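Student: Model the structure of this input:
(chains A and B)
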Amino acid sequence: MRARLPQVVVWAGPPCARAWLCWLLPACLLSALLVLSVSRPALAQAQVELSLQVSSPEVAVGETLDVQLDAMSTDGEAPTHPELVVPGSFELRGPSIGTRQQVSITGFRMVRQSGISATWQLTATRAGVYSIGPASVLAGGRRQQAKAVQIRVVPESQRSQRPQRRGRRTPGSPFDPFDPFGNDDAIDDLFDRLRGGGSTGFDRLPEAPAELIPEPLPDSLAFLDARLTPQNAVVGQQLTLTIYAHGSQSVFQEAPGSHEPSHADFLALRLVEDPSRQPVHQYTRDGQRWIMVKVREIALFPLRAGRLEIGPLEFGFLGRRYSSRSAQGLRRSSPALSVSVAEPPAQGRPPGYAGDVGNFQLSALVEPRKISAGGSIAVTARVEGTGRLPGALKLPEQAGVEWLEPTLRDEATTNGTSVGGTRTFNYVVRMTRPGTIDLGRLGISFYQPEAQRYRSRSVELGQVTVEAAPAGAQPAAPETAQSGPRLSELVKFRGQLEPQRLSRPLTDHAGFWWSLGGAPACVLLAAGLRSARRRLRARSEQREQSQATHARRALAGAQEAARRGELDQVLSGVERAIYLAIEWSTGLRARALLRSELEARLQAEGLSGEQAAAATQLLGQCAELRRAGSAAEPSRVRALLKPAEALITPLLKQPARGAGTSPDLDEARA
Amino acid sequence: MNQRARSERQSSRAPLARRFSLGGVVLLAGVALAVSAPAAAQEAPAPTELAAVQTAVERGAFSEAIDQLEHWSDQGLVHANLSFDRGVAYLARAESSARKPADLGQAAAAFEEALALQPDDEEARVVLQRIREAISERRAKAQDGGVVARPRLLRALTGLIGEGAWAATALLGSLLLALGLCARLFLRSHETRLGGSIAAVAGGCLLLLGGSMAAAGRHLRHDFVPAVVIVEEARLLDAEGRPMTAARGPSALDAAGDRVPEGSLVHIAQERGALAKIEWGDGEAWLNAAQLRRIVRGGS
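Tutor: Residues are numbered from 1 along each chain as shown, chains lettered A, B, ... in the order given. So this is what the prediction gives:
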């Protein structure tokens, strides 16, 4: 067995190249190190170190909290303009700003830092868990932010029970997303205690409202719960989409890369900008403790009627116990929702309704009230209320008053989940005709979903005195310079509504299409009936004149003659009936044949021997009795009838092989 | 006695005959009513309301008049004169300082509707033509290429003499065919039979032509909804809603034929969400449905 040698990669280039490479590689490494060491201070120059700290992670309502922002810059210019974002549940004072200088020596390098320290005093007014910040400063022409910190505000009644933690947290350990309560205890211990129920921190979180907890819980680890209110709406009415994240493993943070819910048929406005600033609630189900946070709240305004879809939110739960190894966190999606949206009712809809939904008030200011012709006045209209603010107002147009396009100014507000605010329309109105002009009423119509009815608001603008323009003033230029009369002068308003009947087109009546084929079809039907009638009549005549019919008639005549005692007639009838029956069944004209050869010919034509013999015999007897004349015995003559009938009846039942008509008829036709 | 009985029978027949004739009249009236639908399902506006709208137009309050006329239109009130008045109001506003971008297109739609409801309204026809000329002039001044789209062949053929005339032609053909067949099948004279044959062939041809064109006209009327473009220009889209780079079909005479000018009459074949599939030239394309105003037709 051969031993396996280790594989060695051998450089196969020329020896001079190998020597050159041996020199080049260390040179490259050295130069890279040099570049790094030189460029590092340059990179550091652009950085500002920010840290935001709170004096206590937990305060009671009414207590004051210090929030300190340290901002140190290495570019020699201290940051300025510190700002702090604070929830509305705090009263804010400050900041008080102090400057700081710091020199540090690292290796062979001396770093000089200058900065500020801004301190705010916050007084809590409402219990809950809040995010303080982010805080920001202006440095190097850019605003740079420090991360927010989270604190807990307990009710005033718990102030005495609360452990006194007045000491500041150690620098370098700012807000930890895994520890919203800011406990000084070990982080790992936090949720173990929460789960075990021994922690006072968990219990001090506000209890989640029962109506926000789904039954049953759709997941044992984490899930998203989406709620949409109301379930039925009209186009333009505000819907509120609220998504809550529920987690049972520990407190969590939103992982980056969330996929926002799709809402193509809605105009959207986010009500919750920063989920980390939302209050955290707790509840217990089946012995398991859950934390619930509102992560999204979006105001949606439907743009069209129908069954409209809202897509799911894909959200990553980031926390030690969820999916600590993945930056995406534990992914969960909220259910897709749909809502039924209708148009506002047609009943009671005012003229000029532009689709506005909500509840608004309208006010207006006109100034000045006295101008000269060709001058302008300013009309400032203010719409205030809840809902999507109207885009236009109903203007009191009239000749000599030109309303120019308004400029708009918005002040959007959110009251709870209701979106609204104020929109100001600034119109410039040009007055071209002198006199006292009554401007009329400025108006707005909207649908109020709560009352389920339309409402109109209007405001009287009053009168404006327009004086004639001074003699030297230039006359107002015509609106449009065009040759010939205006198009609108070619047509006059029709003030009368004559009775009008709108007839359905002819082709919409089924009768029209039937009538198209009806007349020719009737003619063809009549022709067909006529032809059928003719054919029936011919067939009837043919049957009337058939040999079989004549044979039967002849036999019946013979029987009748026998009853009357006319023997000659009996004989001639029997003879004729036999000849016709033979011709019917065989096509043979037996009268033209000699009697001696008759039997053989009949057999040759298909009659049985007995029938042929009987026919020959009966015809012979007829001839013999006829020769006897009056001497013939009547009994013998009558005796012919039965065998003749016995012979003729089966012959006539056979299908006709002859012409089918009697020779008399043929002669007559000829 | 016999005379008395006869007179009694006659007297008993007389009311019967009267009843039948009365029934016939009622039947005919019913058929006539069924054939001609009432003008409007909605109650017509009072003369004072209409006078108020007229006053608003006269004093330059065009938007107020338009709001009221549109309100009636939204309520389903259909009358040729109301459509005409709406066109007048839009046209007047389009030529005033209060003009809005789509006023001319809306005016064209209103006059088109008046014409659809009352096809013999020459005034509406003339002003509609003038509006379209004005739009073309405006586009020419703005150096926007004019777009001409020929109607598809079937629509052009049915539009030659109108659906009603084609239907009458078919009826005439049917009658001629029936008479010809009668002469051919029931009369004995050779000349008459020959004449009948010729009449039957001619009638059959007329029936076939008129019937097929009337059926085509009905199909176009039922399966397509006429509409007018009410924006300055509507961009042609594909089925996915993406803008088309050029119009399809050989009928687009302009290289930049990827948009439909304001006031153009198009025919909607299908609507899907916010898109409307229209017949454009001899091809098809999609438009944003909000850029179109549907035309209400008589009897539809």
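Student: Do you have the strands of chain B handy? List them.
Tutor: Remark: strands assigned in chain B by DSSP state E are B:36-38, B:225-229, B:233-235, B:259-261, B:265-272, B:275-280, B:283-288, B:292-294.
Student: Check which residues of the fourth one are buried.
Tutor: This points to strand B:259-261. Across strand B:259-261, burial judged by 16 or more other Cβ atoms under 10 Å in any protein chain shown covers B:259, B:260, B:261. Using the backbone N, CA and C atoms, a C-beta is placed for each residue, glycine as well.
Student: Helices of the stretch 201-350 of chain A, start to end?
Tutor: Using DSSP state H, counting those that start in this stretch, the helices of the stretch 201-350 of chain A run over residues A:320-323.
Student: Can you pull the residues of it lying near chain B?
Tutor: A:304, A:346, A:349, A:350 (Cβ under 8 Å from any Cβ of the partner chain).
Student: that older thread, out of the buried residues of strand B:259-261, the closest to residue A:622 would be?
Tutor: Closest approach between those and residue A:622, by Cβ to Cβ: residue B:260, at 104.1 Å.
Student: which residues sit in contact with that closest one?
Tutor: B:147, B:229, B:233, B:234, B:236, B:266, B:278, B:280, B:287 (Cβ atoms under 8 Å, 6 or more residues apart in numbering or on different chains).
Student: circling back to that earlier point, now distance to residue A:499 and neighbour count too, for the residues of the stretch 201-350 of chain A next to chain B, in JSON lines please.
Tutor: Shown next, in JSON lines, are these (distance: Cβ to Cβ, whole Å; neighbours: other Cβ atoms under 10 Å in any protein chain shown):
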{"residue": "A:304", "distance to residue A:499": "38", "neighbour count": "13"}
{"residue": "A:346", "distance to residue A:499": "25", "neighbour count": "11"}
{"residue": "A:349", "distance to residue A:499": "27", "neighbour count": "16"}
{"residue": "A:350", "distance to residue A:499": "28", "neighbour count": "16"}
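Student: ok, which pair from those residues is furthest apart?
Tutor: A:304 and A:350 (21.3 Å).
Student: need the residues of the stretch 151-300 of chain B near chain A, please.
Tutor: Residues of the stretch 151-300 of chain B found near chain A (Cβ under 8 Å from any Cβ) are B:163-164, B:167-168, B:170-171, B:174-175, B:177-178, B:181-182, B:185-186, B:203, B:207, B:211, B:214-215, B:217-218, B:221, B:274, B:298-299.
Student: repeat that for 6 Å
Tutor: With the criterion set to Cβ under 6 Å from any Cβ of the partner chain, the stretch 151-300 of chain B comes near chain A through B:163-164, B:167, B:170, B:174-175, B:177-178, B:181-182, B:185, B:211, B:214, B:218, B:298-299.
Student: Could you list which of those residues belong to helices?
Tutor: Judged by DSSP state H, helices contain the following of these: B:163-164, B:167, B:170, B:174-175, B:177-178, B:181-182, B:185, B:211, B:214, B:218.
Student: Of the residues you listed, which count as buried by neighbour count?
Tutor: B:163, B:167, B:170, B:174-175, B:177-178, B:181-182, B:185, B:211, B:214, B:218.
Student: How about residue 73: what's its closest non-neighbour residue?
Tutor: Here I'm looking at chain A. Leaving aside its chain neighbours, residue A:73 sits nearest to residue A:48 (4.7 Å; criterion: Cβ to Cβ, 6 or more residues apart in numbering or on different chains).
Student: right idea, wrong chain: chain B
Tutor: Residue B:73 sits nearest to residue B:86 (Cβ to Cβ, 6+ apart), 6.8 Å away.
Student: Then residue A:244?
Tutor: residue A:225 is the one closest to residue A:244 (Cβ to Cβ, 6+ apart), at 4.7 Å.
Student: ok, now residue A:645?
Tutor: residue A:555 (6.2 Å).
Student: Any stretches of the stretch 51-200 of chain A with poor pLDDT?
Tutor: A:76, A:101-111, A:157-200 (pLDDT under 70).
Student: quick one, strands of it?
Tutor: Per DSSP state E, counting those that start in this stretch, the stretch 51-200 of chain A carries strands over the ranges A:58-60, A:64-73, A:80-84, A:90-106, A:109-124, A:128-132, A:135-139, A:142-146, A:149-154.
Student: and the next element down the chain from the longest helix anywhere in chain A?
Tutor: Across chain A, the longest stretch assigned as helix under DSSP H is helix A:510-544. Remark: after helix A:510-544, the chain's next helix or strand is helix A:547-564, criterion DSSP states H and E.
Student: buried sites along that following helix?
Tutor: Within helix A:547-564, the residues scored as buried using 16+ other Cβ under 10 Å are A:547-552, A:554-555, A:557-559, A:561-562.
Student: got it, and stretch A:321-330?
Tutor: Buried residues in stretch A:321-330 (16+ other Cβ under 10 Å): A:321, A:322, A:323, A:329, A:330.
Student: the bottom helix or strand of chain A by mean pLDDT?
Tutor: helix A:187-196 (a mean of 42; mean pLDDT, DSSP states H and E).
Student: ok, back up a step: taking the residues of the stretch 151-300 of chain B next to chain A, tell me the two that lie furthest apart.
Tutor: B:185 and B:298 (41.7 Å).
Student: Please report how far residue A:294 lies from chain B.
Tutor: Distance, residue A:294 to chain B, using Cβ to the nearest Cβ, to the nearest Å: 32 Å.
Student: what does residue A:642 give?
Tutor: Counting by Cβ to the nearest Cβ, the gap from residue A:642 to chain B is 54 Å.
Student: could you say which helix or strand contains the residue lying closest to residue B:97 once chain neighbours are set aside?
Tutor: Excluding the flanking residues, the one nearest residue B:97 by Cβ to Cβ, 6+ apart is residue A:402, at 4.2 Å. Assigned by DSSP H and E, residue A:402 belongs to strand A:401-403.
Student: After that strand, which helix or strand is next?
Tutor: Downstream of strand A:401-403 (by DSSP H and E), the next one is strand A:407-415.
Student: on contacts alone, who are the packing partners of that next one?
Tutor: Here strand A:407-415 touches strand A:418-431, going by 3 or more Cβ pairs under 6 Å, 6 or more residues apart in numbering or on different chains; DSSP states H and E.
Student: Not counting its own residues, what contacts the strand it packs on?
Tutor: Residues outside strand A:418-431 that contact it (Cβ atoms under 6 Å, 6 or more residues apart in numbering or on different chains): A:238, A:269, A:299, A:376-377, A:379-386, A:389, A:402-404, A:406-407, A:409-413, A:466.
Student: Output the below-cut-off pLDDT ranges for the chain.
Tutor: You didn't say which chain, so I picked chain A. A:1-46, A:76, A:101-111, A:157-201, A:323-325, A:471-485, A:502, A:658-670.
Student: think we crossed wires, I meant chain B
Tutor: Under the criterion pLDDT under 70, the flagged ranges of chain B are B:1-42, B:143-149, B:245-257, B:298-300.
Student: Nearest the geometric middle of it, what residue?
Tutor: The centre of chain B sits closest to residue B:116, judged by Cα atoms, centre = their mean, with a distance of 4.3 Å.
Student: Contact distance from chain B - what residues of chain A qualify?
Tutor: Within chain A, the positions adjacent to chain B are A:351-352, A:397-399, A:402, A:479, A:486-488, A:490-491, A:493-495, A:497, A:500-507, A:516, A:519-520, A:523, A:527 by Cβ under 6 Å from any Cβ.
Student: Just the buried residues of those.
Tutor: Applying 16+ other Cβ under 10 Å to those flags A:351-352, A:397-398, A:402, A:487-488, A:491, A:493-494, A:497, A:500, A:502, A:505-507, A:516, A:519-520, A:523 as buried.
Student: Okay then, goodbye and thanks.
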